[in-house]
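1. A structural model of the following input is requested.
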Amino acid sequence: MFEGFKLTTIATGEVDLRVRMGGSGPPLLLLHGHPQTHAMWCKIAPLLAQDYTVVAPDLRGYGDSSKPPASPDHETYSKRAMARDQIALMGYLGFDRFCLAGHDRGARCAYRLALDHPQAVLKLALLDILPTGEHFRRTDMQFALGYWHWFFLAQPAPLPEQLISADPEAFYFRDGRGREHFTEEALAEYLRVIRDPKTIHAMCEDYRAGATYDFALDEADRGRKRIECPVLVLWGSKGEVAKWYDVLDVWSDWASDVRGTSIESGHFLAEEAPNATYEALHAFFSPDQSGAALPQRSLPE
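-> Below is the predicted model:
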């Protein structure tokens, strides 16, 4: 995976992030989803690296990045905290402004980053999500049954951790959950990290934060803050999001310049439909009048 990329660990101040970097040109930060790692970008990151400096970290709590102790209010695993990590990471690499794409939980970090640090994000791509607050506000039986894991993982410790630890592979990657679309190397990576009890606990904390701290932030920003940069929203035509929502209509309440489309895929767009996902991202991030001044620097050795 990731031929020509460099794998390293970078200290951001709060946590240490495992980071995969490669390519040259304008900076593009890629954030992965749950319960995966940066390896989810393995099919399209090399293509994007032909035109961009691609930076793909493991989020805090995931993969081989730090897993700090949880805080009582779950702020430690909030998307605001994860966004701070990314600002520090990109600043360390010399990028004060960058393009950003996120999938799943990484997309939740990404839109929070764009709300909290609007000066940093030039263009934002969000894969297969709605804002966290919108999901909870719109919860009905379909959502509760379809995304039941949101409510299970958010239960107080240690119940979810104990149950998942009994058979992590069966819980996360049982047949029928998209694993047939993962490369052999990526699946081995996912299975390796989810067997770590610290990772399981951190992922539960991520969802506890979603149901509390993240939800409160979204509620506070609703109607008061909007994402200022251009936004691309992609979603899987075979997934639940497409069935339940008018995706662009929902996002139009959160961003002034939003466009998007469905991809013929389930939830794991970058791995199920890498060519279509790459083409959509590449077309969106390609420099135009609004992106011509993207910074370009060499990655540190």
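2. what sits up against the helix or strand encompassing Ala216?
-> Using DSSP states H and E, the element containing Ala216 is helix 215-221. Contacting residues not belonging to helix 215-221 are listed as 78-80, 112, 115, 131-134, 136 [Cβ atoms under 8 Å, 6 or more residues apart in numbering]. The way it works is simple: take the backbone N, C-alpha and C, and place the C-beta from them, glycine included.
3. kindly recompute the last result at 7 Å.
-> By Cβ atoms under 7 Å, 6 or more residues apart in numbering, the residues outside helix 215-221 that reach it are 80, 112, 115, 131-133, 136.
4. between the residues you listed, which is closest to Tyr52?
-> Arg112 (22.3 Å; Cβ to Cβ).
5. and that closest one, its phi and psi?
-> Per-residue torsions, Arg112: phi -70, psi -40 (degrees, to the nearest 10).
6. leaving out sequence neighbours, find the closest residue to it.
-> Of all residues not flanking Arg112 in the chain, Lys79 sits nearest, at 3.9 Å (Cβ to Cβ, 6 or more residues apart in numbering).
7. my guess is the one you found contacts Tyr207. True?
-> No - taking Cβ atoms under 7 Å as the definition, Lys79 is not a contact partner of Tyr207, at 11.4 Å.
8. can you point out the buried residues in the helix holding Ala216?
-> For helix 215-221, the neighbour count (16 or more other Cβ atoms under 10 Å) marks 215, 217-218, 221 as buried.
9. can I get those residues in a markdown table including pLDDT and distance to Asp51?
-> Below are these laid out as a markdown table (pLDDT from 0 to 100; distance: Cβ to Cβ, whole Å):
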| residue | pLDDT | distance to Asp51 |
| --- | --- | --- |
| Phe215 | 98 | 37 |
| Leu217 | 98 | 33 |
| Asp218 | 98 | 33 |
| Asp221 | 98 | 33 |
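10. save those residues as a markdown table, and put in distance to Asp64 too.
-> As requested, the buried residues of helix 215-221 are arranged in a markdown table below (distance: Cβ to Cβ, whole Å):
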| residue | distance to Asp64 |
| --- | --- |
| Phe215 | 29 |
| Leu217 | 27 |
| Asp218 | 29 |
| Asp221 | 32 |
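11. and which of the residues you listed is nearest Glu272?
-> Distances from Glu272 to the buried residues of helix 215-221, taken by Cβ to Cβ, are shortest for Asp218, at 27.8 Å.
12. what's near enough to touch Arg60?
-> 15, 66, 68, 81-82, 85.
13. what score does the nearest residue to Gly260 once chain neighbours are set aside have for pLDDT?
-> Counting by Cβ to Cβ, 6+ apart, Val233 is the residue found nearest to Gly260 once chain neighbours are left out, at 3.3 Å. Val233 carries a pLDDT value of 98.
14. in what helix or strand does Val233 lie?
-> strand 231-236.
15. please state the offset of that strand from the chain centre?
-> 13 Å (Cα atoms, centre = their mean, to the nearest Å).
16. packing partners for it?
-> In terms of contacts (3 or more Cβ pairs under 7 Å, 6 or more residues apart in numbering; DSSP states H and E), strand 231-236 is packed against strand 121-127, helix 240-244, helix 247-251, strand 258-263, helix 274-285.
17. number of residues surrounding the nearest residue to Phe173 once chain neighbours are set aside?
-> Once flanking residues are discounted, Phe173 sits nearest to Arg179: 4.7 Å by Cβ to Cβ, 6+ apart. For Arg179, the tally of surrounding residues (other Cβ atoms under 10 Å) stands at 17.
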